[in-house]
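>>> pasting the sequence and the predicted coordinates here, then a few questions.
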Amino acid sequence: MFATSIAGSLPKPEWLAETQKLWPQWKAEGDALRQAKADATLLWIKAQEDAGLDIIGDGEQARQHFVHGFLEQVEGIDFENKVKMGIRNNRYDAMVPQVVSALKLKGRVHAMEAQLLRAHTKKKIKFTLPGPMTIVDTVADRFYGEGNEGRIKMAMAFAELLNQEALALQADGVDIIQFDEPAFNVYMEEAADWGVKALERAAQGLTCTTAVHICYGYGIKANVDWKNTLGHEWRQYEKIFPALAKSSIDQVSLECFHSHVPMDLIALLEGKDVMVGVIDVASDTIETPEEVADTIGKALKFVNKDRLFPCTNCGLAPMSREVALKKLEALAKGAALARARM
Ligand code: ZN
């Protein structure tokens, strides 16, 4: 009951990459970089186990960014000539690579991290990939054409590539494959219309557990400012949860603690496992076990205890290592307290 995990990313050690940045520069190259990425992955496997988490991830130590890490292994993308683009409906600007021709995987994307994970923990392992709609929103297009039709075509093309990598991750022994779709909270109508279909294409044929993570973004200033414009009640989930409830995806990860998401929206996910965000990633204040257990208690009014999985609201990548580590411990202690209360 209440098996804990992180949403996905963890801070990179300062010897691996620049710290507290969303698109950090690596501190090494070639073989040295490959080794440093593996070392950081091992370090976080151990730290998650020591903190008491039940489901272990790679902490996304081997990718510069949760979307662009995947795109680096895709043929048909020009990384040399990045362009500035407003992403998440122009919430903030990012330097993004461009799609210039038909898309194809160059080879495996995450074999190293997945195989390290499987070899170094006996616990269940979860692996994250960007969702097709969020990829489309984090890359510039010079190939698929303007408008919605081009976006859908490009999303389906990425979904096929994601599916190839997901099936390979499953063969590596991954127990849970999670697709990250923060764009679902921004383009709600499109998400319900074709975003969920693209997601199902990405998960096609998987027999392991499948999940989707939908949040209000990392704890960066642009996101915090955006959240301040969303009003007293955040009802974005209300528009997409019904489509997800009907989908083939097994688990939904959502933001809860310190958000203005009405807890009763969880009831729209009937039949799904729910990863409830009990750790705030936009604040360095460490949650107490009581706070974590209280959030779990509130969510339990709308989801059965066998289907509730305590999680972080989002990734911890831009935070300090020290804070992230304490937040992992708070997550595990809070879940233990909630178990005791039950
Ligand atoms: Zn997130």
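Cool, the structure landed.

>>> CA only for contacts and neighbour counts going forward, please
Will do.

>>> wasn't Ser101 part of a strand?
Yes - under DSSP: H, G, I helix; E, B strand; the rest coil, Ser101 falls within a strand.

>>> what's the neighbour count on it?
Using other C-alpha atoms under 10 Å, Ser101 is surrounded by 14 other residues.

>>> surely it touches Val74?
No - between Ser101 and Val74 there is no contact under C-alpha atoms under 8 Å: 10.6 Å.

>>> ok and the residue in this structure nearest the ion?
Cys314 (3.6 Å; C-alpha to the ion).

>>> let me see the contact set for that residue.
Cys314 makes contacts with Ile6, Ala7, Gly8, Cys215, Tyr216, Gly217, Tyr218, Glu255, Gly277, Asp280, Val281, as judged by C-alpha atoms under 8 Å, 6 or more residues apart in numbering.

>>> kindly recompute the last result at 7 Å.
Contacts for Cys314 (C-alpha atoms under 7 Å, 6 or more residues apart in numbering) come out as Ala7, Cys215, Gly217, Tyr218, Val281.

>>> out of those, who's near the ion?
Filtering these for proximity to the ion by C-alpha under 5 Å from the ion leaves Cys215, Gly217.

>>> all strands for this structure, in order.
Secondary structure of the chain (DSSP state E): strands located at 55-56, 74-87, 92-105, 124-130, 140-141, 176-180, 209-214, 251-254, 273-279, 308-312.

>>> how far off centre is the third one?
By that I understand strand 92-105. Counting by C-alpha atoms, centre = their mean, to the nearest Å, strand 92-105 is centred 19 Å from the centre of its parent chain.

>>> which other residues reach that strand?
73-79, 81-87, 138-143, 157, 161, 222.

>>> now those: which count as buried?
73-78, 85, 87, 138-141, 143, 157, 161 (16 or more other C-alpha atoms under 10 Å).

>>> among those, which one sits closest to Asp180?
Thr138 (12.4 Å; C-alpha to C-alpha).

>>> show me what contacts that closest one?
Residues in contact with Thr138, defined by C-alpha under 7 Å, 6+ apart, are Ile87, Val96.

>>> if we go to 8 Å?
Each residue near Thr138 by C-alpha under 8 Å, 6+ apart is listed here: Val67, Ile87, Ala94, Val96.

>>> by contact count, what packs against the longest helix along the chain?
Scanning the chain for the longest helix, with DSSP state H as the assignment, gives helix 147-171. Packing partners of helix 147-171 (3 or more C-alpha pairs under 8 Å, 6 or more residues apart in numbering; DSSP states H and E): strand 92-105, helix 132-136, helix 196-202.

>>> which bits of this protein sit near the ion?
Residues of the chain lying near the ion (C-alpha under 5 Å from the ion): Cys215, Gly217, Cys314.

>>> out of the residues you listed, show me where the pLDDT dips lowest.
Across the residues of the chain next to the ion, the bottom pLDDT score, 89, is held by Gly217.

>>> how many other residues sit next to that residue?
22.

>>> ok, it touching Pro182?
Yes - counting by C-alpha under 8 Å, Gly217 does reach Pro182; the two are 6.4 Å apart.
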